[in-house]
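Colleague: return atomic coordinates for the entry below.
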Amino acid sequence: MKLRRVKMRLADKLQVVIAVCLCVVLWEVNMRFAYGQQGGDGQPVELHVAPDGNDANPGTQSAPFATLERARDAVRAVNEGMTGDVVVVLRGGLYRLEEPVAFDSRDGGQHGHRVIYRAAEGETPVLCGGMELTGWELHDRELNIYRAAAPKDGFRQLYINGARGIRARTPNRTCDATFGPYWRIADAKENFLIVPEHWRALDGVERFHEVEVVMKSHWYAQRLLIGERTETEDGVVIAPLHPGNKFNKTDRGFYHNSVFYFENALAFVDAPGEWYH
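Modeller: Residues are numbered from 1 along each chain as shown. Presented below is the predicted three-dimensional model:
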């Protein structure tokens, strides 16, 4: 895996997780899927999975599997001969998924029987596609910024002690109700115009091509990388870096007075909990 550094300003020692897909709390899912060690006389069969299990185990309550993939594969080995429902019981705890768990026609229940995935009684299993970042080291003592290796591919969500962190931005987010404050675009058509005061916020930014303009127009938001910039008497005209990212409304005035902010630069990491990658 190719890595680059993610940097974050910390107030305390934190557990940090990159969210690459949805975390799911499992209670019960009924599916027409099929399962592992087959019982007789139409009686349900149970397979067990636990975070501290082992995929070399038989999947019993006392010797559970460790992963959903292993339980799914056990089903595929026996589902054509199903004579009753199969129940997959997940013990409580965190299950980290390095890739999506895929189900297809091979996993279908047979002969009118079902496969049921459910949580163990009174327990809460959590399926999480996030990647935990470890190995934090001091990057800037004065600003209390730490860094750690992270996947090179871009991501926009980082969870800190269970709460979503703020991708470094300017102006800083200080209002949890509006997620603002914001600045306002002077005008926009195929390109957009900002006043010089707001453009100066990018002074000192080293990796300019990574900065995103996040613009909120009406009920939706757009993210654009900055391409060509032209200074005019009214301000700075910015063209999107990729031609296909031009605004989808060409009527002059449609984006007028829309709010925006700049996001993702090390220079913007100036408040606890902000991060940059």
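Colleague: for this protein, which segments count as helices?
Modeller: With DSSP state H as the criterion, the chain has helices at 68-78, 196-199.
Colleague: for the stretch 51-200 of the chain, give me the ranges with low pLDDT.
Modeller: 188-190 (pLDDT under 70).
Colleague: now do the strands in it.
Modeller: Assigned by DSSP state E, counting those that start in this stretch, the stretch 51-200 of the chain shows strands spanning 86-90, 93-96, 115-119, 125-128, 131-133, 137-140, 145-151, 158-160, 163-164, 166-167, 169-170, 183-184, 187-188, 192-194.
Colleague: separation between residue 195 and residue 152?
Modeller: Distance, residue 195 to residue 152, by Cβ to Cβ, to the nearest Å: 35 Å. C-betas here are computed from N, CA, C, even on glycine.
Colleague: looking at those two, which is more packed in?
Modeller: A count of neighbours by other Cβ atoms under 10 Å puts residue 195 above the other of residue 195 and residue 152, at 14 against 11.
Colleague: list the neighbouring strands of the longest strand along the chain plus their orientation.
Modeller: The residue-count maximum for a strand in the chain (DSSP state E) belongs to strand 220-231. Sheet partners assigned to strand 220-231 using DSSP bridges are listed as strand 212-217 (antiparallel), strand 236-240 (antiparallel).
Colleague: redo those as CSV? Include distance to residue 102, mean neighbour count and mean pLDDT.
Modeller: Shown next, in CSV, are these (distance: least, Cβ to Cβ, whole Å; neighbours: other Cβ atoms under 10 Å; pLDDT from 0 to 100):
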stretch, distance to residue 102, mean neighbour count, mean pLDDT
strand 212-217, 31, 19, 87
strand 236-240, 35, 19, 84
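Colleague: make JSON lines out of these and add distance to residue 228.
Modeller: Conversion of those to JSON lines gives the following (distance: least, Cβ to Cβ, whole Å):
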{"stretch": "strand 212-217", "distance to residue 228": "13"}
{"stretch": "strand 236-240", "distance to residue 228": "4"}
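Colleague: what's the closest of the ones you listed to residue 147?
Modeller: For the strands paired with strand 220-231, distance to residue 147 was read as Cβ to Cβ. The smallest value, 20.3 Å, belongs to strand 212-217.
Colleague: can I get that closest one in CSV, CA atoms only?
Modeller: Extracted C-alpha coordinates of strand 212-217, given in CSV (Å, rounded to 0.1, in the frame of the first residue of the first chain):
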residue,chain,number,x,y,z
GLU,A,212,-10.7,22.2,-2.6
VAL,A,213,-13.2,24.9,-2.9
VAL,A,214,-16.4,23.7,-1.1
MET,A,215,-19.3,25.7,-2.4
LYS,A,216,-22.9,25.4,-1.0
SER,A,217,-25.4,26.5,-3.6
